[in-house]
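1. requesting a structural model of the entry that follows:
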Amino acid sequence: MPISVFAAISHLEQERYRALIIHAVPEKSPSMTHFCQKVCKQTDGKYLDLLEFFIQSPNLSENIDSFSPEKLRGLLIDQSEGQSILVIDRVDFLLDTWRRTERQNFFRFINNQWDSYKDGMKSILVVVLQTSQEIESLQILDSQGQSRIFRLNDFNDVG
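-> Sure thing, here's the model as predicted:
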């Protein structure tokens, strides 16, 4: 039974680690982007198309091969400043440049390092990815043991 994305976000507001993943198969990417943009509009959140952000920045696009999970962490902290919600879409191109250990570091960051107790990490972080075996095997749970990884079709439409 589909749930409300707003209920999931509201639940995250009570958590220490306020990050989640929404994923869908590649064919659903346009629908997922539209869904996330509507969520941001209704929550006054910030939507960041990471691929477009890299394309628009010559410095970032020229250095994509050396853009580490730590650099992404810094970028996300900067982009989340003053935001209640930060939705990062089209991250997959960057994950595809990383070794398995770097991707694991990134998923660990989502799991237990986007820490609401730290300055600069107060907003809810929503990472939007394409479905993969790696994502489906992740265990990223809230304090009550509920998954913080959702398929797009887990949610009701946001209207």
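
2. burial count for the nearest residue to Val158 once chain neighbours are set aside?
-> Excluding its sequence neighbours, the residue lying closest to Val158 (Cβ to Cβ, 6 or more residues apart in numbering) is Lys38, at 4.6 Å. Where C-beta positions appear, they are placed from N, C-alpha and C, glycine not excepted. The local packing of Lys38 (other Cβ atoms under 10 Å) involves 15 other residues.

3. after the strand or helix carrying Lys38 comes which helix or strand?
-> Element membership for Lys38 (DSSP states H and E) is helix 29-43. Using DSSP H and E, the next helix or strand after helix 29-43 towards the C-terminus is strand 46-49.

4. report all helices and strands that whichever helix or strand comes after that following strand contacts.
-> Heading C-terminal from strand 46-49, the first helix or strand you meet, by DSSP H and E, is helix 50-56. Helices and strands touching helix 50-56, as assessed by 3 or more Cβ pairs under 8 Å, 6 or more residues apart in numbering; DSSP states H and E, comprise helix 58-62, helix 92-95.

5. which one of these lies nearest to Pro2?
-> Between Pro2 and the helices and strands packed on helix 50-56, the shortest gap by Cβ to Cβ is with helix 92-95, which sits at 24.1 Å.

6. contacts for that closest one?
-> Helix 92-95 is contacted by residues 50-51, 54, 64, 67, 72, 103, 106, 129-130 when judged by Cβ atoms under 8 Å, 6 or more residues apart in numbering.

7. Throw those into JSON lines and include distance to Gly82, thanks.
-> JSON lines is the format used below for the contacts of helix 92-95 (distance: Cβ to Cβ, whole Å):
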{"residue": "Leu50", "distance to Gly82": "19"}
{"residue": "Leu51", "distance to Gly82": "23"}
{"residue": "Phe54", "distance to Gly82": "22"}
{"residue": "Ile64", "distance to Gly82": "27"}
{"residue": "Phe67", "distance to Gly82": "24"}
{"residue": "Leu72", "distance to Gly82": "19"}
{"residue": "Arg103", "distance to Gly82": "29"}
{"residue": "Phe106", "distance to Gly82": "24"}
{"residue": "Leu129", "distance to Gly82": "25"}
{"residue": "Gln130", "distance to Gly82": "29"}
